[in-house]
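*Asks:* build the 3D model from these lines:
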Amino acid sequence: MTVESQKETLGFQTEVKQLLQLMIHSLYSNKEIFLRELVSNASDAEDKLRFAALKDDGLYEGDSELKIRLAYDAEANTVTLSDNGIGMAREDVVSNLGTIARSGTADFLKQLSGDEKNDSKLIGQFGVGFYSSFIVADQVDVFTRRAGAPASEGVHWASKGDGEFTIETVERAQRGTEIVLQLKPEAKEFADGMRLRNLVKKYSDHISFPVVMASESEEEEQKGKDETVNDATALWTLPRTEIKDEEYKEFYKHISHDFEDPLSWSHNKVEGKLDYTSLLYLPARAPFDLYNRETPRGLKLYVQRVFVMDDAEQFLPLYLRFTKGVIDSSDLSLNVSREILQSDSIVDSIRTAVTKRVLDMLSKLSKKEGDAYQKFWNEFGAVLKEGPAEDFGNREKIAGLLRFASTHTGEEAQNVSLEHYIGRMKEGQKKIYYITADNFMAAKSSPHLEVFRKKGIEVLILSDRIDEWMMGYLNDFDSKQFQDVARGELDLGDVETEEDKKHQEEATKEHQGLLERIKKALEERVQEVRVTNRLTDSPACLVVADFDMGAQMKKIMEAAGQSVPDSKPIFEINVDHPLVQRLEREQSEDRFGELSAVLLDQATLASGEQLKDPGAYVTRLNRLLLELAG
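*Replies:* Residues are numbered from 1 along each chain as shown. Now for the predicted structure:
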């Protein structure tokens, strides 16, 4: 006996142990989903064999009739599911059934609270697949052999779900995988033919491979013969009129391993210059690793109904990576590879059409089902914000789907569309105003909003990390330009009266000496000092020059280890404020410099930035307080 054939006892990866315990308790109220997950995995294994056999039909080993078999033994209290698909080698079994090789798993598990109701929703983000067996089974045995491997390389994996598993090499004549579930006493309901048939019809009717069970017909010649218990027709190949909503929902759960119904779907057959079918879904909940851009993503690709690959990312841009679904093309070659897909003109055409369809689905959802769209936005909005930079051609469409917090709503929820914003613009207002900050409260209390409150002008509040970067790619919407209220010269259009403009011009001339004194005192820290038209209550504020990088973008680049260009802010002062008027009367240049520096530091803090020298600020402030105290 070789070393490999010896029986080994191995420990589950730490994350698997945690997930098993949480899943068994959190999902027990919906324990019947174990069968959906196992049938779905078996279907994937059949798909992979059929594709591999295109190059090597010897993998069929003389048996090309692909099927999934379901059996039970009421006396032994077992359920057995087997497939004659691609099967697994020993190393496949260890990696697939002993570890969860998904980055971010540990962080995901930290989010779980122990509250069964909430955790069951979160676990649905993960997609537990095979491990759902332990919801109903005290012990799970897996017998498998990779197609094309000799019978002597069969593998037996076994576990009670208690932290470890055994694995040994065994003789196995049949390729594919057989899973035997030793049911828990409280799960004996599943060792029943009618119960299993109903579950297959409920969850797996759309699987394109037959799920067969032994017939239980009373007629002697029929009893014991195999009968197919599902329709075994690929759902996307059927006319839309023949498919029920529940069937669409269950197919979504099959391809996504999600536990929730999708928000929406679109089923479309294209004939003519291109010939393909798409079935696309918008999920209701974000997977835990959505923001890891390296996570496998994309659509399931079929060519003439033959499975080719999972996660074909070439058919959708990255900012739509939340979309799930199937593409079935008659124009692509069956031996197409990921490398070929990247440079194929047919793929480019399908990608353009599918991208438009997803954006149209979102637009339709936003117009007809506002609450559902808001749910989508809360889950996926930050990903959609990547769109304007990645997809120049659809920038206007994407902008129409964006949602923002606003000074008019007074709440952190992002529920204001650009269309609604424009619909309630003030008379004479020509621009869409927005402010970016690290968080909602910092933006909402920014001194830059003072004049907008006075004039009753709505300002969009952007507090996601990605927002400043996104706005670098959004110049206008519906012919209205965007303006950052903390950047460059503030143009209020016709909302600003002639009296306002005249006041600022006269103030600049009258206080020119003050501006020059402040510039001299702070010349190492500011690039310009000018009279503001932004402030009504605060003494001063910082403004970013038109082509300089904002604070939010600097932080993103610094966090990514990128060098940040050195730039000084513009310092705007409110000459009507008592503190500025007191500053102007100061005769001592040293004291003038101290007071100017305090105003600048306060403006820096109000803008949400950190001081480079907090100690110096505290020292100056304390000195002033001591003077006031006598």
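*Asks:* spit out the contact partners of the nearest residue to residue 56 once chain neighbours are set aside.
*Replies:* Nearest non-adjacent residue to residue 56, counting by CB to CB, 6 or more residues apart in numbering: residue 148, 7.2 Å away. (Glycine included, C-beta is placed from N, CA and C.) By CB atoms under 8 Å, 6 or more residues apart in numbering, the contact set of residue 148 is 56, 58, 59, 61, 175.
*Asks:* just the buried members of these?
*Replies:* Using 16 or more other CB atoms under 10 Å as the burial test, the contacts of residue 148 include 59, 61, 175 as buried.
*Asks:* quick check, nearest of the contacts of residue 148 to residue 21?
*Replies:* Comparing the contacts of residue 148 against residue 21 with CB to CB places residue 175 closest, at 33.5 Å.
*Asks:* mind listing the helices for the stretch 301-450 of the chain?
*Replies:* 338-342, 345-368, 370-384, 387-390, 395-401, 418-423, 440-444, 450-455 (DSSP state H, counting those that start in this stretch).
*Asks:* helices or strands up against the first one?
*Replies:* The reference is to helix 338-342. On a contact count with 3 or more CB pairs under 8 Å, 6 or more residues apart in numbering; DSSP states H and E, helix 338-342 meets strand 306-312.
*Asks:* change it to 6 Å
*Replies:* On a contact count with 3 or more CB pairs under 6 Å, 6 or more residues apart in numbering; DSSP states H and E, helix 338-342 meets no helix or strand.
*Asks:* pull the CA atoms of it into CSV?
*Replies:* Output in CSV follows, covering the C-alpha atoms of helix 338-342 (Å, rounded to 0.1, in the frame of the first residue of the first chain):
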residue,chain,number,x,y,z
ARG,A,338,-10.6,33.2,-21.5
GLU,A,339,-7.7,34.5,-23.6
ILE,A,340,-9.7,34.2,-26.8
LEU,A,341,-12.7,35.9,-25.2
GLN,A,342,-10.6,39.0,-24.4
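*Asks:* which residues sit against that helix?
*Replies:* 314, 347 (CB atoms under 6 Å, 6 or more residues apart in numbering).
*Asks:* where's it relative to the chain centroid, distance-wise?
*Replies:* 24 Å (CA atoms, centre = their mean, to the nearest Å).
*Asks:* average pLDDT for that helix?
*Replies:* Mean per-residue pLDDT for helix 338-342: 81.
*Asks:* quick one: contacts for residue 396?
*Replies:* Counting by CB under 6 Å, 6+ apart, residue 396 makes contact with nothing.
*Asks:* hmm, back to that, in TSV, list the contacts of residue 148 along with secondary structure and distance to residue 509.
*Replies:* Output for those, formatted as TSV (DSSP: H, G, I helix; E, B strand; the rest coil; distance: CB to CB, whole Å):
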residue	secondary structure	distance to residue 509
56	coil	86
58	helix	91
59	helix	87
61	coil	93
175	coil	89
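*Asks:* would you map the helices across the stretch 51-200 of the chain?
*Replies:* Counting by DSSP H, counting those that start in this stretch, one finds helices in the stretch 51-200 of the chain at the ranges 90-98, 105-110, 116-126, 193-204.
*Asks:* which of those comes out lowest on mean pLDDT?
*Replies:* Comparing mean pLDDT over the helices of the stretch 51-200 of the chain, the weakest stretch is helix 116-126, at a mean of 51.
*Asks:* low-confidence stretches in the stretch 251-400 of the chain?
*Replies:* 293 (pLDDT under 70).
*Asks:* how near is residue 473 to residue 463?
*Replies:* Distance, residue 473 to residue 463, using CB to CB, to the nearest Å: 18 Å.
*Asks:* give me the more crowded residue out of these two.
*Replies:* For the pair residue 473 and residue 463, the greater number of neighbours falls to residue 463 (21 against 17), based on other CB atoms under 10 Å.
*Asks:* before we move on, the earlier item: ok, of the buried ones among the contacts of residue 148, which one's closest to residue 610?
*Replies:* Using CB to CB, the buried ones among the contacts of residue 148 come closest to residue 610 at residue 59, 61.5 Å.
*Asks:* dihedrals phi and psi, residue 369?
*Replies:* Main-chain torsions, residue 369, degrees, to the nearest 10: phi -130, psi 80.
*Asks:* typo on my end, it should be residue 146
*Replies:* phi -70, psi 140.
*Asks:* residues contacting the residue lying closest to residue 510 once chain neighbours are set aside?
*Replies:* Residue nearest to residue 510 in three dimensions, not counting chain neighbours: residue 575, with 7.7 Å by CB to CB, 6+ apart. Taking CB under 6 Å, 6+ apart as the contact definition, residue 575 lies against 507, 511, 531.
*Asks:* same thing but 10 Å
*Replies:* 503-504, 507-508, 510-511, 514-515, 531-532, 535, 539, 581, 583-584 (CB atoms under 10 Å, 6 or more residues apart in numbering).
*Asks:* which ChimeraX command selects the buried ones in these?
*Replies:* A single ChimeraX command selects the buried members of the contacts of residue 575 (16+ other CB under 10 Å):
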select :507,511,514,515,531,532,535,539,583
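*Asks:* show me the contacts of residue 575 that map onto strands.
*Replies:* residue 531 (DSSP state E).
*Asks:* any weak-confidence spans in the stretch 1-150 of the chain?
*Replies:* In the predicted model of the stretch 1-150 of the chain, residues 1-5, 15, 23, 25-29, 99-128 satisfy pLDDT under 70.
*Asks:* quick check: end-to-end length of stretch 381-398?
*Replies:* The first residue of stretch 381-398 is 11 Å away from its last residue (CA to CA, to the nearest Å).
*Asks:* buried set for it?
*Replies:* Neighbour-count burial for stretch 381-398, counted by 16+ other CB under 10 Å, picks out 381-389, 391, 394-395, 397-398.
*Asks:* tell me the one of the residues you listed nearest residue 447?
*Replies:* Proximity of the buried residues of stretch 381-398 to residue 447 (CB to CB) peaks at residue 385, which lies at 26.1 Å.
*Asks:* which non-adjacent residue is nearest residue 298?
*Replies:* Counting by CB to CB, 6+ apart, residue 298 lies nearest to residue 313, which is 3.7 Å off, once chain neighbours are set aside.
*Asks:* could you chop the protein up by domain?
*Replies:* Using automatic domain parsing, the domains assigned to the chain come out as 3-224, 237-376, 403-495, 512-544+560-628.
*Asks:* from the chain's centroid, how far away is the longest one?
*Replies:* Spelled out, it's domain 3-224. From the chain centre to the centre of domain 3-224 is a distance of 28 Å (CA atoms, centre = their mean).
*Asks:* no further questions, thank you.
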